[in-house]
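Chemist: kindly generate the corresponding structure for this input.
(chains A, B, C and D)
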There are 2 protein chains.
Amino acid sequence: MTYEDAISALADPTRRAILDRLRAGPAAVGAVAEGLPVSRPAVSQHLRVLSDAGLVTMTPAGNHRLYSLAPTGIDSLRHYLDSLWDDALAAFQRATEEKAKQKGKKT
Amino acid sequence: MTYEDAISALADPTRRAILDRLRAGPAAVGAVAEGLPVSRPAVSQHLRVLSDAGLVTMTPAGNHRLYSLAPTGIDSLRHYLDSLWDDALAAFQRATEEKAKQKGKKT
DNA sequence: TGTCTATGTAAGTCATGACTTACGAAGATG
DNA sequence: CATCTTCGTAAGTCATGACTTACATAGACA
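Modeler: All right, here's what the predicted structure looks like:
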């Protein structure tokens, strides 16, 4: 449930495809697997990882289980990125100023 | 330079450690490697990946090369996450309303 | 020019993880 | 109860990539 779990979960293309499928709305494992070039157990394993990372939630519904997007894991990752973004922007501005000085300082 | 490159680049713990080091300011390869439990060539290879993902930039400085954080790659990833965030929030709200209805509808 | 420093690249090793098939458990349905 | 559907898990295979050492290149400096 840390932001690192979210990152490594999102690193896999198949898992991103699963998330894309869930953006349209909640879906069962079989329904998700139908639109993908991998087996149903593979999808099941991926959903486990996504769930551990807080990126999806599961709600039992009789025979099957509905998976849907969860804001939790995404939020932690957003915070990390925002923080990194601040420092990157600061570094970029410092570099720009440096160049301006370099340009003015002849010889 | 896509957001997918940025994600898979960030997925590695060593690369995140390198970025953390660069948050304090630009640094050369050797300086970065000193604070890490891996060899200098390993750091060099990681910086290559980070650079391809648009997460760092390199500026030659005489004998050595200074690497610094770059906003570019981070930005693309932020956009992806923001978009995913919107859908996740919508899904969460729908689920909440669903539960409210379920509660009101007795028998 | 000769040498030292700082770095990138090549080649090879090894662990991680994504995928498969086979199987077992839980709820719906006749 | 018997069966079908839906799903998670176990075990094993295989590719990807992170790391190492060895080597080659480019600039600083005597």
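
Chemist: could you tell me which residues of chain A lie near DNA strand C?
Modeler: Applying CB under 7 Å from any atom of the strand, we find that chain A lies next to DNA strand C at A:8, A:11-12, A:14, A:37-39, A:41-42, A:45-46, A:49, A:62-63. Just so you know, the C-beta spots here come from the backbone N, C-alpha and C atoms, and that holds for glycine as well.

Chemist: top of the residues you listed by number of neighbours, please.
Modeler: For those, the largest number of neighbours (other CB atoms under 10 Å in any protein chain shown) sits with residue A:46, at 24 neighbours.

Chemist: excluding chain neighbours, what is closest to it?
Modeler: Nearest residue to residue A:46 in three dimensions, chain neighbours excluded: residue A:15, at 5.0 Å (CB to CB, 6 or more residues apart in numbering or on different chains).

Chemist: the one helix or strand that neighbour maps to - what's its average pLDDT?
Modeler: According to DSSP states H and E, residue A:15 maps onto helix A:13-23. Predicted confidence along helix A:13-23 averages 98 (mean pLDDT).

Chemist: which residues sit against whichever helix or strand comes after that helix?
Modeler: Next helix or strand after helix A:13-23 toward the C-terminus (DSSP H and E): strand A:27-28. Residues outside strand A:27-28 that contact it (CB atoms under 8 Å, 6 or more residues apart in numbering or on different chains) are A:21, A:61, A:64-68.

Chemist: can you check stretch A:84-97 too?
Modeler: Contacts for stretch A:84-97 (CB under 8 Å, 6+ apart): B:19, B:22-23, B:25-26, B:57, B:59, B:68-71, B:74-75, B:78.

Chemist: most neighbours of all these, which one?
Modeler: Neighbour tally across those (other CB under 10 Å): the maximum, 27 neighbours, falls on residue B:69.

Chemist: need the nearest residue in space to that residue, chain neighbours excluded.
Modeler: In space, residue B:69 is closest to residue A:88, 3.9 Å off (CB to CB, 6+ apart).

Chemist: residue contacts, the nearest residue to residue A:12 once chain neighbours are set aside?
Modeler: Nearest non-adjacent residue to residue A:12, counting by CB to CB, 6+ apart: residue A:46, 7.2 Å away. Contacts for residue A:46 (CB under 8 Å, 6+ apart) come out as A:12, A:14-15, A:18.

Chemist: mean confidence for the host helix or strand of residue A:46?
Modeler: Here residue A:46 sits within helix A:40-52, counting by DSSP H and E. When pLDDT is averaged over helix A:40-52, the result is 98.

Chemist: I figured the residue nearest to residue A:46 was touching residue A:52, is that so?
Modeler: No - using CB atoms under 8 Å as the test, residue A:15 is too far from residue A:52 to be in contact (11.5 Å).

Chemist: I'd guessed residue A:74 sits against residue B:81; true?
Modeler: Yes - taking contacts as CB under 8 Å, residue A:74 lies within contact range of residue B:81: 6.2 Å.

Chemist: how close does residue A:72 get to DNA strand C?
Modeler: Separation of residue A:72 from DNA strand C (CB to the nearest atom of the strand, to the nearest Å): 20 Å.
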